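In: need coordinates for the below:
(chains A and B)
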Amino acid sequence: MRTTNTFIGSPVERIEDLRFLRGKGQYVDDLSPHGMLHAAILRSAVAHGRIRSIDASAALARPGVRAVITAADIGPTVPRIPLRQEPLPVLTRFEQPVIAHGKVRYVGEPIAVVVADSAAIAEDALEAIALDIESLPVVADHRRSAAEDVLLFDENGTNLAIELTGVMGDADAAFRDAPYVRRERFRVQRHTAVPMEPRGLLAEWDSKAGRLKVSGAVKVPFAIRKVLSTQLSVAEDRIEMVENDAGAGFGVRGEFYPEDFLIPFAARFVGGSVKWIEDRREHLLATNHAREIECELEIACARDGAILALRGHGEIDMGAYIRTNAVTPGRNVVQVISGPYRIPNIHVTTALRMTNKTPVGTYRGPGRFEADFFRERLIDMAAQDLGIDRVEFRRRNLVAASEMPYSLPTVLPYDMNSECDSGDYQITLDRCLQEFGWAEKSALQGRLIDGRYHGIALGCYIEGGASGPKENARLVLDADGMVSVYVGSSAVGQGLETVLAQIAADALEIPMDRISGVFHGSTAYIHEGFGSYGSRSVVMGGSAILAAATRLREAIRVAASKRLGCAAADIEIADGGAARAPDGKTVALAELAGDGLSGEGSYASNKRTYSYGAHAAHVAVDPGTGHVALIDYMAVEDVGRIINPETLHGQTVGAIVQGLGGTFLEHLVYDADGQLLTGSLADYLMPTMSDFPNIRAVALEVHRSPNNPLGAKGAGEGGIIPVAGVIANAVASALSSLGVQPRELPLTPPRLWHLIDAARARSAPSAR
Amino acid sequence: MPIRFEVNGRQVSVEVEPRMTLADCLRHLLRLTGTHVGCEHGVCGACTVIVDGAAVRSCLMLAVQAEGTRVVTVEGLSSDDALSPLQASFRKHHALQCGFCTPGMITTAHALLSDEPDADAARIRDVLSGNLCRCTGYIPITEAVLEARAAYRKPGSGQR
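Out: Take a look at the predicted model:
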């Protein structure tokens, strides 16, 4: 029997790579069942309007067109897409119908679905649909939304979906008595995940059996099935959701979108198989956007730098509908505004306002990326005002290990609470300073070298993970003595199969190559699954596998004891795929498999895990162009327990680069008419290989989570959370001699150039 | 219209519409689904294949333009027995996550190293900057391609 884990903690090479590297992955567009038809979707070209008429007769008359589906075909009531997270009656008023009827509220909203023999015929036929839409005034930003002179939903009487509040202590009282306060206004631009594979679905309707199979499901297939079952009036056990390989998720893929109803509906409508693959322009219009918020935040401090209170308000541009998880970013902003710091008095609100733009949802580090940008910027400003070193200022305010578990602000009206589970935040700060070379690099601070201003900065963060409520797993001993792992977690390209195989092999005390596969996501594998979101898969799925492994080991012992004539407790499971009695007699697991051995296990918890860390950056700013070069970036995190250092490192570095994209490049730009101006990857700029080559990351496992048997913490999102705050602070430090303070993202060369120019004009008006 | 070209060492004849892209032809007619389509406007590089030795975006090339050419896709750079040195290096360096951009990375890197087995990190970044990856942050991809260079150096050619 092994006394230590063999695979957990090892940089095991990924199982998935063997197919991905050979071009043998199977993504949804790789499926082409015989007789399959293709769907294309007519989307609104106006941001706000009343639909007067839709005439599809010319499209329907085209050769190869099988059907054109509009709201009229769907029924007397058009289903709406329910909230998956944080549902409240006040929010359901703003849910999205699966297809536009009566009104259109954003450019890209589905109006009709064409089903045809080929994707090309379907796309061509879209142009033949005669559409008469009366344009209405457009609500293009949160200010116009708040003015309430134009309503997206007349029947609701307001554009304000909800206001959320994060509260702790008595912020107003603390501000009244505080010796130092500062208030600032910040803005984060609309941008989003943009996974490399666009979304897609293949729905196969079996008319005879009355059964539906939907491929392309991911993230939360069981939750999708439940909604689909209600909307289509087809029993859940007659719907099979199949999870294929998925070209990454980052929060946006796999939520219930209009197409998740429309394509299955179309398949039933035509009585066959229908595939829809989103194109890239469609993706940028139809898949969730994220991050757009303007926030005023105020900090109160004692003279010694102790933070006494935070108070503020954010205006979130929600787009046209409240989608499945649209409330989560606003919730997170008010819940993690204090981050890893001890801030006894907090009152922060977010107003979720409807606008005529693509609806928003979660994108990796939802609300956390934004909140950290606001807080870390404000901390640097306060430290400078108070004449306290930035590192020392943070050190003074970090929650101490002795204060764990540490409560975060309560989120109203949900009465939602969460607490940091464990950790010593000084450890990652110290290690980050050391790895980064803070002391040496401090000499460069603010200096102009070869025409560029150099600056360094750091920031601290927490990452909530392991979202509940539960996960299920089933381990089956196969006829060949191998073990199959079935789990309700979902793979979005993060290496789930490898990591869960490591956990299963260690729990069963068998070599990894005796795990025949990790089968995830699809509804056929398990009775109930909860999927992958909120950095939950390793903790929740992994813990369920531990429970299932205990059951399977017990079943193996009992079966072996009968054959070997000893007590079940005396049976050992040997590495070679056999069960062994104390007298040395063995029986092969393959032989025991005839007994039909399996183990089911569950893990339930609503307590989040909190990874934490510190990042530091060194930038050089060219004042002539506003260009920022990233000279060095260092990330240190404590994730409790590392299952696979390589996959973890990949999550961290990948998330940092995504965060750099959001900080410097990515922007979904709209005009005043609600038209998206960045509808291609030539306009929506993402990081490329030559942009940010200098990134380092160190992961620690110092403080395990007390909340799950693995001791692991969710770790898929932490890398992105502090990036904008750290970078903006580094830029401010570099330009400190000019007094430039970036308050808005993205930090594009033109934006910085204007800030530099304005600062120079202020400091030397006579020279101009 | 009918076209003939070579794919992964095999002569193929297919009937295509003049407007069909090479990417769609490879994926949907020849069932070589390792070539991925990420943007259909030549920015993301996921659909990169090798045409007569050069890395080409198959979403920006019409299938009819492939007439008489030699096309190599990711499947043509793979064997069921073992990973190629380039593929093994990608695996070792964790240079992929979701796998969607990977075939384009492999074909582009293969074309580069076939011509320039001594490409340095800056050159590799420059060439591969036309291929978007949203998962890895690119750093491990650079490392993987750097390490794979050795396998492309011809023994006795004097190249190091």
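In: what residues does the stretch 551-700 of chain A have near chain B?
Out: A:646-647, A:649-650, A:653-658, A:680-682, A:686-693, A:695 (Cβ under 8 Å from any Cβ of the partner chain). C-betas here are computed from N, CA, C, even on glycine.
In: let me know the secondary structure of A:I316.
Out: strand (DSSP: H, G, I helix; E, B strand; the rest coil).
In: show me the contacts for it.
Out: A:142, A:292-293, A:329-330, A:333, A:350-353, A:360 (Cβ atoms under 8 Å, 6 or more residues apart in numbering or on different chains).
In: inside helices: which ones of those?
Out: A:142, A:329-330, A:333 (DSSP state H).
In: strands of the stretch 101-250 of chain A, residue ranges please.
Out: A:103-104, A:110-116, A:130-135, A:160-168, A:180-188, A:200-206, A:211-217, A:239-243 (DSSP state E, counting those that start in this stretch).
In: next, work out how far apart B:G130 and B:R57 are.
Out: 8 Å (Cβ to Cβ, to the nearest Å).
In: mind listing the shared neighbours of these two?
Out: Residues touching both B:G130 and B:R57 (Cβ under 8 Å, 6+ apart): B:G45.
In: neighbour count for these two, which is higher?
Out: B:R57 (25 against 18; other Cβ atoms under 10 Å in any protein chain shown).
In: what's the domain layout of the chain?
Out: No chain specified, so I'll use chain A. A:17-25+A:467-604, A:34-136+A:194-286, A:138-192+A:289-415, A:421-465+A:608-768 (automatic domain parsing).
In: sorry, should have said chain B
Out: B:2-77, B:85-152.
In: residues contacting the closest residue to chain A within chain B?
Out: For chain B and chain A, the shortest gap (Cβ to the nearest Cβ) falls at B:G34, measuring 1.9 Å. By Cβ under 8 Å, 6+ apart, B:G34 lies in contact with A:22-25, B:73-75, B:78, B:103.
In: so where's the chain shaky on pLDDT?
Out: With no chain named, the answer covers chain A. Scanning chain A for pLDDT under 70 picks out the ranges A:1-5, A:765-768.
In: not quite, I wanted chain B
Out: B:156-160.
In: which residue does the stretch 401-550 of chain A bring closest to chain B?
Out: For the stretch 401-550 of chain A, Cβ to the nearest Cβ, closest residue to chain B: A:G493, 2.5 Å.
In: how far away is the residue of the stretch 251-400 of chain A found nearest chain B from B:T102?
Out: In the stretch 251-400 of chain A, the residue that lies nearest chain B is A:R280 (4.2 Å; Cβ to the nearest Cβ). Distance, A:R280 to B:T102, using Cβ to Cβ: 18 Å.
In: and B:G53, by the same measure?
Out: On the measure of Cβ to Cβ, B:G53 and B:T102 end up 21 Å apart.
In: compare the two (neighbour count), which wins?
Out: The neighbour comparison of B:G53 against B:T102 (other Cβ under 10 Å) goes to B:T102, with 31 against 12.
In: check the burial of the residue lying closest to the more buried one once chain neighbours are set aside by counting its neighbours.
Out: Using Cβ to Cβ, 6 or more residues apart in numbering or on different chains and skipping residues adjacent in sequence, the residue nearest B:T102 is B:L96, 4.5 Å away. For B:L96, the count of nearby residues is 30 (other Cβ under 10 Å).
In: so who does B:L96 touch?
Out: A:17, A:20-21, B:90, B:102, B:105, B:135-136, B:141.
In: again with A:A125
Out: A:A125 touches A:40, A:59, A:62, A:65, A:68, A:114, A:116, counting by Cβ under 8 Å, 6+ apart.
In: and chain B, which of those reach it?
Out: Okay, of the contacts of A:A125, nothing touches chain B (Cβ under 8 Å from any Cβ).
In: need those in a markdown table with secondary structure and distance to B:G38, can you?
Out: Formatted as a markdown table, these follow (DSSP: H, G, I helix; E, B strand; the rest coil; distance: Cβ to Cβ, whole Å):
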| residue | secondary structure | distance to B:G38 |
| --- | --- | --- |
| A:A40 | strand | 18 |
| A:A59 | helix | 28 |
| A:R62 | coil | 29 |
| A:V65 | strand | 28 |
| A:V68 | strand | 28 |
| A:V114 | strand | 23 |
| A:A116 | strand | 23 |
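In: farthest-separated two in those?
Out: A:A40 and A:R62 (12.1 Å; Cβ to Cβ).
In: quick one: closest of the strands of the stretch 101-250 of chain A to A:Q85.
Out: Of the strands of the stretch 101-250 of chain A, nearest to A:Q85 by Cβ to Cβ is strand A:160-168, at 12.8 Å.
In: returning to what we had before: so which of the contacts of A:I316 is the most crowded?
Out: Neighbour max across the contacts of A:I316 (other Cβ under 10 Å) = A:V360, 32 neighbours.
In: nearest spatial neighbour of residue 60, skipping sequence neighbours?
Out: Picked chain A for this. A:V68 (5.2 Å).
In: the chain in question should be chain B.
Out: With Cβ to Cβ, 6+ apart, the residue lying closest to B:L60 is B:G42, at 4.3 Å.
In: right, and the one you found touches B:V56 too?
Out: No - applying Cβ atoms under 8 Å, one finds B:G42 not in contact with B:V56, separated by 10.1 Å.
In: so for the two, which sits in the more crowded spot?
Out: Taking neighbours as other Cβ under 10 Å, B:G42 and B:V56 compare with B:V56 leading, 22 against 16.
In: buried residues in stretch B:17-31?
Out: B:20-28, B:30 (16 or more other Cβ atoms under 10 Å in any protein chain shown).
In: actually stretch A:606-621, sorry about that
Out: Buried residues in stretch A:606-621 (16+ other Cβ under 10 Å): A:608-621.
In: mind checking which of the residues you listed land in strands?
Out: Mapping these onto strands (DSSP state E) picks out A:609-621.
In: need the residues you listed in JSON lines (columns: distance to A:G594).
Out: JSON lines is the format used below for these (distance: Cβ to Cβ, whole Å):
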{"residue": "A:T609", "distance to A:G594": "40"}
{"residue": "A:Y610", "distance to A:G594": "46"}
{"residue": "A:S611", "distance to A:G594": "44"}
{"residue": "A:Y612", "distance to A:G594": "49"}
{"residue": "A:G613", "distance to A:G594": "50"}
{"residue": "A:A614", "distance to A:G594": "55"}
{"residue": "A:H615", "distance to A:G594": "54"}
{"residue": "A:A616", "distance to A:G594": "59"}
{"residue": "A:A617", "distance to A:G594": "60"}
{"residue": "A:H618", "distance to A:G594": "63"}
{"residue": "A:V619", "distance to A:G594": "64"}
{"residue": "A:A620", "distance to A:G594": "68"}
{"residue": "A:V621", "distance to A:G594": "70"}
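In: mind listing the helices for chain B?
Out: Counting by DSSP H, the helices of chain B are B:22-24, B:85-92, B:102-115, B:121-128, B:139-152.
In: distance between the ends of stretch A:673-685?
Out: Terminal residues of stretch A:673-685 lie 22 Å apart, using Cα to Cα, to the nearest Å.
In: now stretch A:572-591
Out: Using Cα to Cα, the two ends of stretch A:572-591 sit 16 Å apart.
In: A:W753: neighbouring residues, count only.
Out: 17.
In: please apply the same query to B:Q87.
Out: 26.
In: is it correct that it is in contact with B:I106?
Out: Yes - contact criterion Cβ under 8 Å: B:Q87 and B:I106 qualify, at 6.7 Å.
In: overlap in contacts of those two?
Out: In contact with both B:Q87 and B:I106: A:21, B:77, using Cβ under 8 Å, 6+ apart.
In: is A:Q741 in contact with A:D380, as I believe?
Out: No - look at A:Q741 against A:D380 with Cβ under 8 Å: they stay out of range, at 9.0 Å.
In: for the two, indicate the residue with more neighbours.
Out: Ranked by neighbour count (other Cβ under 10 Å), A:Q741 and A:D380 place A:D380 first, with 24 against 18.
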